[in-house]
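Engineer: The sequence and its predicted three-dimensional model are supplied below.
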Amino acid sequence: NPMMALDVQVESQKTITIRIIVYPKECPEAYEFLTWITNNQDAECRPCTIYRGEPVPSYWGSPEYPDRWDNGGRWGPPYALVQGGFVNSKISHVEREANRPVPLERGMVAWAGPRGIHFFVALADHPEWGNEHTVWGKVVEEDMKLLDALVDGSRPLKVLEKNVPVVTNFVDPMKFRIREYL
């Protein structure tokens, strides 16, 4: 499978590269969009950012907590993910495709919600989500430590407690560029 890379500007003079194995056969619409945004990002990313970061809580998946994803459940909050978006002026969503595995596993890259231009990378397995999210890629295993480091407490986060569900965003979203990885 082909690979793409997100070059994420984590500090003014520091960029990290997250390699993603993409699934063009399983998710042709997602792949077509990713190719389009890669070729048009200078004009179209408004900006493309990583804006949400939710660490894996110590109680993740524990049977000692209720089997739910809110209000003190074993699946968060926080929700064990890093999320970003390909905000642009031409394409507002990519339709749901059939590649929606259960459980959604650590490292999988999926559209947030049933249709995307916003995506997330799972930092833990997510059996609680069923088959709601189209999975269009998977982060190369050795790059997961870079994503884990974004939510390890060294970057400031803000919890939006009035949201339903409660979400945790980065105080300073990080811009990124996407490219083919050869």
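Structural biologist: That came through fine. Numbers count the residues shown, from 1 in each chain.
Engineer: Least confident secondary structure element in this structure?
Structural biologist: strand 157-160 (a mean of 92; mean pLDDT, DSSP states H and E).
Engineer: which outside residues touch it?
Structural biologist: By C-beta atoms under 8 Å, 6 or more residues apart in numbering, the residues outside strand 157-160 that reach it are 53, 77, 151, 166-171. For every residue, glycine as well, the C-beta is placed using N, CA and C.
Engineer: same deal with stretch 92-110?
Structural biologist: 20, 23, 26-30, 33, 111, 114-117, 119-127, 129-139, 141, 144.
Engineer: what distance separates the start and the end of it?
Structural biologist: Stretch 92-110 has an end-to-end distance of 16 Å (criterion: C-alpha to C-alpha, to the nearest Å).
Engineer: Off-centre distance for it?
Structural biologist: Relative to the chain's own centre, stretch 92-110 is displaced by 10 Å; criterion: C-alpha atoms, centre = their mean, to the nearest Å.
Engineer: now do stretch 124-137
Structural biologist: A distance of 11 Å separates the C-alpha centroid of stretch 124-137 from that of its chain, computed with C-alpha atoms, centre = their mean.
Engineer: Which positions within that stretch qualify as buried?
Structural biologist: By neighbour count on 16 or more other C-beta atoms under 10 Å, the buried set for stretch 124-137 is 124-126, 128-129, 133-137.
Engineer: quick one: which of those residues sit in strands?
Structural biologist: 135-137 (DSSP state E).
Engineer: related to what we said a few turns ago, just put the buried residues of stretch 124-137 in JSON lines and tack on distance to Arg155.
Structural biologist: Output for these, formatted as JSON lines (distance: C-beta to C-beta, whole Å):
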{"residue": "Ala124", "distance to Arg155": "18"}
{"residue": "Asp125", "distance to Arg155": "23"}
{"residue": "His126", "distance to Arg155": "22"}
{"residue": "Glu128", "distance to Arg155": "26"}
{"residue": "Trp129", "distance to Arg155": "25"}
{"residue": "His133", "distance to Arg155": "25"}
{"residue": "Thr134", "distance to Arg155": "28"}
{"residue": "Val135", "distance to Arg155": "26"}
{"residue": "Trp136", "distance to Arg155": "26"}
{"residue": "Gly137", "distance to Arg155": "23"}
